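K.L.:
Here is my input, please return the structure:
(4 chains)
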Protein chains: 2
Amino acid sequence: MLPVTRADANTRDNGRVTRPARPVSINDVADRASVSIATVSRVLNTPSKVAAGTAQRVQAAIADLGYRPNLFAKGLVTKRSRVIGISLPDLHGDFYSALMRGADEHAYDLGYHLLVMSNAHGDRVNPGTNGFAMDLIDGLVTIVTESSQTGIDALAELQMPVVVLGTDAPDGDISSISFDQEAGAAEATAHLLDTTPPERVMFVGGHRGNLDSDARLRAFMATLRAASHPGPLSEQIFHGEFTVEWGWNWAEQMLAEGRLRGAAVLAGNDEIAVGIVDAARDRGLSVPDDLRVVGFDDSRLCQLLRPTLSSVRVPIREAAARAIDTIVSRLDDPERGPDRITLTTSLAVRDSSRAGV
Amino acid sequence: MLPVTRADANTRDNGRVTRPARPVSINDVADRASVSIATVSRVLNTPSKVAAGTAQRVQAAIADLGYRPNLFAKGLVTKRSRVIGISLPDLHGDFYSALMRGADEHAYDLGYHLLVMSNAHGDRVNPGTNGFAMDLIDGLVTIVTESSQTGIDALAELQMPVVVLGTDAPDGDISSISFDQEAGAAEATAHLLDTTPPERVMFVGGHRGNLDSDARLRAFMATLRAASHPGPLSEQIFHGEFTVEWGWNWAEQMLAEGRLRGAAVLAGNDEIAVGIVDAARDRGLSVPDDLRVVGFDDSRLCQLLRPTLSSVRVPIREAAARAIDTIVSRLDDPERGPDRITLTTSLAVRDSSRAGV
DNA sequence: CTGAAAGCGCTTACAG
DNA sequence: CTGAAAGCGCTTACAG
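P.N.:
As a prediction, the model looks like this:
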């Protein structure tokens, strides 16, 4: 063993940890292995170009000194950070939580890290293209909830692989991982039509203009029409917010007007559905006997609530993993074009919409 | 207006976006403003050292060219990234979700970004000190769930501000934001003792060795003793996992043995509590009339479930914000010592433990 | 297979 | 108040 020099600074000294004056650099490794820094760099990046013996010596030096390449220096020349950004409307809630887990798992497997940013900091217009963070990441996965051309343009001008998650791809060079929400919404609507007459089936979504809500509504309407329902009448379609509170308030008012008994509701998401079920129970209505409800997203809540909540399952975790895949693939092969993937959704029937006996 | 040179490459050309051959650098700005790069750097970093007129010219050039400093180059010399790492046992679930939101909000306000990493990728020993990500962040907030000296040591050797969230600070240079879990657990236990005899009060926690579970159990036992209960007998204390499934299974077995009627349970967290309530209902027991249950964490679930779930509120969002604060403060003032903050917990009494009439 | 050297884009004493 | 120059720690043609 040669005497360790720089490493000493990093280890214990009389039992106390001392702050190293300077971290171990590639020069230290080169010195210790008696090679040039170019060779050290090569054993790290293109080991096939180095003689086996030399490589071994260098590896030993690296291990002895506990050397780790400075990522800023590396990034400065390679223009890569191995960090993928993920920009979401919010970091809170089942849906985003599941998304992040899926992304993290897969990114880790591929040797990437995740920089998260909520883009709900005041400027909702721009799906996360603000701020210095963009200069630190190799690619971006984001969610677009409103149709906004300026937002899309901003994404398109980012000089990195971008994937939009959840909604269909804008054209251009942007990838997308979306869900066949229409299929799920249609399946749910058909399920409700099984035992509830078409004029008593309602859609209660988010606000008009929300891409998810709009897609789900389209399928709802198409399914009703296919059932040769003349409508749907405007009294069967409602817009609000994707929250428990709004769902509760909406249902409360409808209940006060006696309009929910015998009805069946396809909610724009699980939160709204939960609010509706709550309000119905508070008013003494039985779900599903007096009112049937289906949510959307199949969040963890659905199985925990009583009655358990029927919902359209959206494979968010898988989508997040695919998003990471897509980005890494384009990073590895710049020639590769954008992906456009659509994942299947499916209805999970539970107690809240079970057909009455 | 001087002719824009480098910026041309970044803007539209015949309506199509062209990839710039080379991004705008500090040299381009210097040229355009007819100053040296040192001056450009100064207007960005120490504007007070630059003459007003000069600064204006430089600012104009920056705006015209759309210049943004290369963060790798900057990081290479400043050794700062303005990125804070956050390493969690999992990214999924109410608790971590709330934590991340709190951290993100505050980090954003302070001009920092968040690099998240789950440390549950196989190697549980080490609370997130692995991998290259450590070289990219200015500070780390992490959660320690098991008492592990090697894990703590690894954190201590990180050359950056570290804050441990949720559990008490190990000594040394590490900050901590913890919760007065004992107070909350004691309050909950006292609440249960109000109408349930001491020998019928149980603690159902996570596995032995989990720091949170152990702390809560200690307070439970102390409170029972203070109520001059000889025990608690070993039949009143149970260890398992922090999941709905485990809670359900545990309760199911207890119910089968007829041991839960008339009892009151302090669960180690909300998940366990949910499982217990579920199992009780499945067996036809009324909560709270036949069985009283209190959870821990006061996650969003508590208010959505029926009966609503009593729980000990843990101010996780605030804790996350304080954690970011602590890190940024130490970054701004290297002389500053570690913080050791304890936040208050409090019992939210809801239907699941309401005293029988 | 290996090394000397240029270059990535910044910041910051040091002179003036 | 401003500039020339050194230096941060890497990678990668280019020669040999």
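K.L.:
Now do the contacts for residue A:35.
P.N.:
The contact partners of residue A:35, taken as Cβ atoms under 8 Å, 6 or more residues apart in numbering or on different chains, are A:54, A:57-58. For the C-beta atoms, the positions are set from N, CA and C on the backbone; glycine is no exception.
K.L.:
can you do 6 Å?
P.N.:
Contacts for residue A:35 (Cβ atoms under 6 Å, 6 or more residues apart in numbering or on different chains) come out as none.
K.L.:
a strand runs through it, doesn't it?
P.N.:
No. Residue A:35 sits outside any strand when classified using DSSP: H, G, I helix; E, B strand; the rest coil, being coil.
K.L.:
and the gap between residue A:251 and chain B?
P.N.:
When Cβ to the nearest Cβ, to the nearest Å is applied, the distance between residue A:251 and chain B equals 15 Å.
K.L.:
before we move on, what about residue A:293?
P.N.:
With distances defined as Cβ to the nearest Cβ, the gap from residue A:293 to chain B amounts to 14 Å.
K.L.:
Would you double-check that that residue falls in a helix?
P.N.:
No. With three-state DSSP as the criterion, residue A:293 is strand rather than part of a helix.
K.L.:
how many other residues sit next to residue A:328?
P.N.:
In terms of burial, residue A:328 registers 21 neighbours under the definition other Cβ atoms under 10 Å in any protein chain shown.
K.L.:
wait, it sits on residue A:109?
P.N.:
No. Between residue A:328 and residue A:109 there is no contact, the gap being 9.8 Å when judged by Cβ atoms under 6 Å.
K.L.:
Apart from its chain neighbours, what residue comes closest to the residue nearest to the spatial centre of chain A?
P.N.:
Nearest to the geometric centre of chain A sits residue A:99, at 3.7 Å (Cα atoms, centre = their mean). Beyond its immediate neighbours in the sequence, the residue positioned closest to residue A:99 (Cβ to Cβ, 6 or more residues apart in numbering or on different chains) is residue A:320, lying 4.7 Å away.
K.L.:
Helices of the stretch 1-150 of chain A, residue ranges please.
P.N.:
Under the criterion DSSP state H, counting those that start in this stretch, the stretch 1-150 of chain A carries helices at the ranges A:6-10, A:26-33, A:37-45, A:52-65, A:71-78, A:94-109, A:149-157.
K.L.:
Please identify the deepest-packed of these.
P.N.:
Highest mean neighbour count among the helices of the stretch 1-150 of chain A (mean count of other Cβ atoms under 10 Å in any protein chain shown): helix A:94-109, with a mean of 23.
K.L.:
Which elements pack onto it?
P.N.:
For helix A:94-109, the packing partners by 3 or more Cβ pairs under 6 Å, 6 or more residues apart in numbering or on different chains; DSSP states H and E come out as strand A:83-88, strand A:113-118, helix A:316-332.
K.L.:
if you compare the ones you listed, which one is most tucked away?
P.N.:
Mean neighbour counts for the helices and strands packed on helix A:94-109 (mean count of other Cβ under 10 Å) peak at strand A:83-88, with a mean of 26.
K.L.:
And that strand, how far out from the chain middle?
P.N.:
Here the centre of strand A:83-88 is set off from its chain's centre by 9 Å, with Cα atoms, centre = their mean, to the nearest Å.
K.L.:
could you dump it to PDB, C-alpha only?
P.N.:
What follows is strand A:83-88 as a C-alpha-only set of coordinates in PDB (Å, rounded to 0.1, in the frame of the first residue of the first chain):
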ATOM      1  CA  VAL A  83     -31.200  14.200 -13.500                       C
ATOM      2  CA  ILE A  84     -34.700  14.200 -14.900                       C
ATOM      3  CA  GLY A  85     -37.100  16.900 -13.900                       C
ATOM      4  CA  ILE A  86     -40.700  16.200 -13.000                       C
ATOM      5  CA  SER A  87     -43.000  19.100 -13.000                       C
ATOM      6  CA  LEU A  88     -46.500  18.700 -11.500                       C
END
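K.L.:
what mean pLDDT does that strand have?
P.N.:
For strand A:83-88, the per-residue pLDDT values average out at 93.
K.L.:
go on, stretch A:27-39?
P.N.:
For stretch A:27-39, mean pLDDT rounds to 95.
K.L.:
ok, that stretch near DNA strand D or not?
P.N.:
Yes. Residues of stretch A:27-39 contacting DNA strand D under Cβ under 7 Å from any atom of the strand: A:27, A:37-38.
K.L.:
likewise stretch A:138-149?
P.N.:
No. Applying Cβ under 7 Å from any atom of the strand, one finds stretch A:138-149 out of contact with DNA strand D, separated by at least 14.2 Å.
K.L.:
Need the residues that contact that stretch.
P.N.:
Applying Cβ under 6 Å, 6+ apart, the contact partners of stretch A:138-149 are A:80-81, A:84-89, A:127-128, A:160-167, A:209-211, A:323, A:327, A:331.
K.L.:
Keep only the residues you listed that also lie close to chain B.
P.N.:
When those are filtered against chain B using Cβ under 6 Å from any Cβ of the partner chain, no residues are retained.
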